[in-house]
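A.B. asks: Show me how the following folds:
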Amino acid sequence: MTDYVEKPDAMGKEFIDDELTPEERQQEIEARDMQSQQYLSNESAYDRIAYTQIPIHMKSPRMLVMTLGVFAAFSGMLSGLDQSVISGALPGIRKHFIASGEWTGLDDPKLATDVSLISSLMPLGAMAGALMMTPLNYYFGRRNSIIISCLWYTLGGGLCAGSRNVSMLFAGRFILGIGIGIEGGCVGIYISECVPPAVRGNLVSVYQLMIAFGEIIGYAAGGVFFEVKSGSWRWMLGSSLLFSTILLVGMCFLPESPRWLVSKGKYGRAWQVWKSLRDMSDPKSLDEYVLMEVTVKHDVERSADELWYQRYMEVCRQPRNRRALVYATLMIFFGQMTGINAIMYNMSNLMAKMNFNDRESVLMSMVGGGALFFGTIPAVFTMDRFGRRVWAQNILMFIVGLVLVGVGYLYTNSGIDYFNAHRATALGLFFSGLVLYMAFFGAYSCLTWVVPAESFDFNTRSQGMAICSAFLYLWSFIVTYNFEGMQKAMTYTGLTIGFFGGLAALGFFYQLFFMPETKDKTLEEIDELFLMPTSKLVALNTSNMIKTWRRVLGGKREPEQINTPNA
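C.D. replies: Sure, this is the predicted structure:
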């Protein structure tokens with residue numbers, strides 16, 4: 001094989017390969033093919049079973065990349081489906097367990113606590129699943145961890161649908177959450193490590209699109225099964241098993257992450273996977289592979305004496321990783337603490353407070369789910385065109401939407417006669433605010449998965465993603481569990497919604513000054529970005545904003561500075 005010349009730089013490695021002719025590149029590829037066959041011929045029986053995919057034939061590597069990205073992101077449907085289907089199932093769950101004697105009636109204090117737990121135990125289980133993700137990723141790989149998550153989800157979904165008492169429903173919700181927590185962290189890493197930088201943000205964003213689509217399916221399932229006379233809520237909760245089974249089977253046709261395979265010394269299989277995912281006639285494909293291989297080897301050697309759990313300390317100890325952790329967790333914090341999951345899980349209850357009956361509440365919930373779905377679409381297709389910072393500013397519109405929803409609830413707080421007299425105004429404000437909030441959150445929420453998946457170096461990517469996912473589900477649990485209590489403490493629902501709007505305002509200023517731009521950068525180039533001190537990043541963002549405003553106001557056009565340590 002042709003020797004690549006290496007010299008140290010800010011990243012530790014730089015490849016000088018401009019002198020390679022097309023013939024030499026072809027020889028390099030052929031030599032690696034031969035070496036790959038030697039590796040594969042010496043594989044153990046366990047490796048052949050664990051890492052082999054069911055063969056599928058695609059017309060081009062690009063088609064396989066798109067298939068991998070979209071189908072892996074399909075797992076987001078499981079999370080979205082759960083968020084919405086439980087909203088439609090809660091009225092039936094209340095009636096069933098009141099009739100069975102678990103609760104004495106709608107005014108039973110135990111009912112309010114148990115209903116909060118039914119909604120919030122899923123994110124609590126997901127937090128546990130997020131922490132389980134790291135050892136699963138380390139020992140079994142990215143793809144196999146997603147397969148394992150499907151098994152957890154299917155078990156939990158089956159327990160929920162077949163629950164004979166509230167305790168069994170609690171257990172099912174928690175176990176189902178474990179599956180969601182595992183796949184929620186794995187999917188972003190898996191896609192990021194497999195696809196080219198030019199489409200990485202778009203394809204990771206598809207995960208959020210699938211969450212939004214799953215929410216529509218969940219609300220639709222609620223509407224379809226609502227009229228079932230006996231056990232309608234069981235059919236709603238059981239509908240998710242169909243999608244977990246499809247994902248489980250489909251993942252067997254997709255390859256393992258080539259970066260993970262290199263980290264485990266499976267060089268032959270990693271090369272074969274890389275060739276299936278890249279157009280090797282493009283010189284950049286070989287260069288990217290060599291850079292990836294050497295970088296991963298370097299990271300593995302650097303942490304050879306560390307166990308996987310010791311790398312959690314490395315996330316906090318190293319300034320580069322610490323900056324990435326703060327950046328990613330605050331991005332998630334300002335998304336979750338605007339109340340999105342509390343609103344999604346309690347959508348039918350929120351509709352009921354606008355004086356809709358049970359059936360109308362379930363059906364009208366589709367308005368919020370539909371707005372979230374359609375709001376996600378622009379970000380999915382333009383995430384890598386406009387960049388992360390542009391879509392992060394959507395948080396500004398959260399404030400507008402949440403304030404309108406809060407004002408709409410003021411009419412319900414003034415008595416039924418006053419509400420009926422101003423029903424059109426109240427509903428207009430409520431639905432306008434809900435659609436605005438959901439639509440703009442749809443685009444912002446893509447960053448929840450894109451940012452953590454690409455921010456950490458290879459050696460701590462799994463740990464960093466696990467921490468971010470754990471915080472995501474922890475904040476989701478806190479907001480969801482306390483939502484009913486917040487409404488009572490703040491005296492009415494509108495004030496609670498307004499509180500979420502205030503947190504969104506804080507998030508807007510954070511994104512404006514502290515958020516770096518990572519579009520069009522390889523995962524290895526992003527390492528360089530986080531070497532930049534935070535103070536320098538703030539100064540750079542401020543300078544670029546001033547130049548942008550001057551240009552908008554008709555001043556002289558000045559080029560923006562690039563987010564790099566040496567800028």
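A.B. asks: what does stretch 212-229 rub up against?
C.D. replies: Contacting residues not belonging to stretch 212-229 are listed as 76-89, 92, 232-233, 235-236, 239, 243, 344, 347-348, 358-359, 362-363, 365-366, 369-370, 372-373, 375-376, 442, 445 [CB atoms under 8 Å, 6 or more residues apart in numbering]. Where C-beta positions appear, they are placed from N, C-alpha and C, glycine not excepted.
A.B. asks: ok, and for it, which residues are buried?
C.D. replies: Buried residues in stretch 212-229, counting neighbours by 16 or more other CB atoms under 10 Å, are found at 212-223, 225-226.
A.B. asks: Repeat that for stretch 529-547.
C.D. replies: Across stretch 529-547, burial judged by 16+ other CB under 10 Å covers 529, 530, 532, 534, 537, 540, 541, 544, 547.
A.B. asks: Can you name the two of the residues you listed that sit furthest apart?
C.D. replies: Spanning the widest gap among the buried residues of stretch 529-547 are 530 and 547, at 23.4 Å by CB to CB.
A.B. asks: per-residue confidence at residue 154?
C.D. replies: Here the pLDDT value assigned to residue 154 is 93.
A.B. asks: Repeat that for residue 567.
C.D. replies: Residue 567 is given a pLDDT of 47.
A.B. asks: Kindly report the same for residue 400.
C.D. replies: 89.
A.B. asks: How many residues are close by it?
C.D. replies: Applying other CB atoms under 10 Å, we find 16 residues neighbouring residue 400.
A.B. asks: ok now do residue 430, which residues does it touch?
C.D. replies: 354, 404, 405, 408, 409.
A.B. asks: So which of those is the closest to residue 177?
C.D. replies: residue 405 (27.1 Å).
A.B. asks: what bits of the stretch 451-567 of the chain have low per-residue confidence?
C.D. replies: For the stretch 451-567 of the chain, the stretches with pLDDT under 70 are 491, 554-567.
A.B. asks: in it, which spans are helices?
C.D. replies: Taking DSSP state H, counting those that start in this stretch, the helices of the stretch 451-567 of the chain run over residues 458-489, 493-514, 523-529, 534-552.
A.B. asks: what's the longest one packed up against?
C.D. replies: For helix 458-489, the helices and strands in contact under the criterion 3 or more CB pairs under 8 Å, 6 or more residues apart in numbering; DSSP states H and E are helix 109-140, helix 166-194, helix 283-302, helix 311-317, helix 319-336, helix 340-345, helix 423-455, helix 493-514.
A.B. asks: and those as TSV, adding distance to residue 102?
C.D. replies: Listed next are the helices and strands packed on helix 458-489 as TSV, based on distance: least, CB to CB, whole Å:
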stretch	distance to residue 102
helix 109-140	8
helix 166-194	5
helix 283-302	52
helix 311-317	40
helix 319-336	30
helix 340-345	20
helix 423-455	32
helix 493-514	26
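A.B. asks: Tell me the one of the buried residues of stretch 212-229 nearest residue 129?
C.D. replies: Nearest to residue 129 among these, counting by CB to CB, is residue 214 at 17.1 Å.
A.B. asks: can I assume the closest one sits in a helix?
C.D. replies: Yes: according to DSSP: H, G, I helix; E, B strand; the rest coil, the state of residue 214 is that of a helix.
A.B. asks: nearest residue to it other than its sequence neighbours?
C.D. replies: Leaving aside its chain neighbours, residue 214 sits nearest to residue 80 (2.7 Å; criterion: CB to CB, 6 or more residues apart in numbering).
A.B. asks: picking that back up, quick check: which of the helices of the stretch 451-567 of the chain is buried the most?
C.D. replies: Of those, the one with the most neighbours on average (mean count of other CB atoms under 10 Å) is helix 458-489, at a mean of 22.
A.B. asks: do you know how far the residue most central in space within the chain is from residue 62?
C.D. replies: Nearest to the mean C-alpha position of the chain, by CA atoms, centre = their mean, lies residue 449 at 3.4 Å. Distance, residue 449 to residue 62, by CB to CB, to the nearest Å: 22 Å.
A.B. asks: cool, and residue 56?
C.D. replies: 14 Å.
A.B. asks: Compare these two (neighbour count), which wins?
C.D. replies: Between residue 56 and residue 62, counted using other CB under 10 Å, residue 62 has the larger neighbour count: 15 against 11.
A.B. asks: so who does the more buried one touch?
C.D. replies: residue 279.
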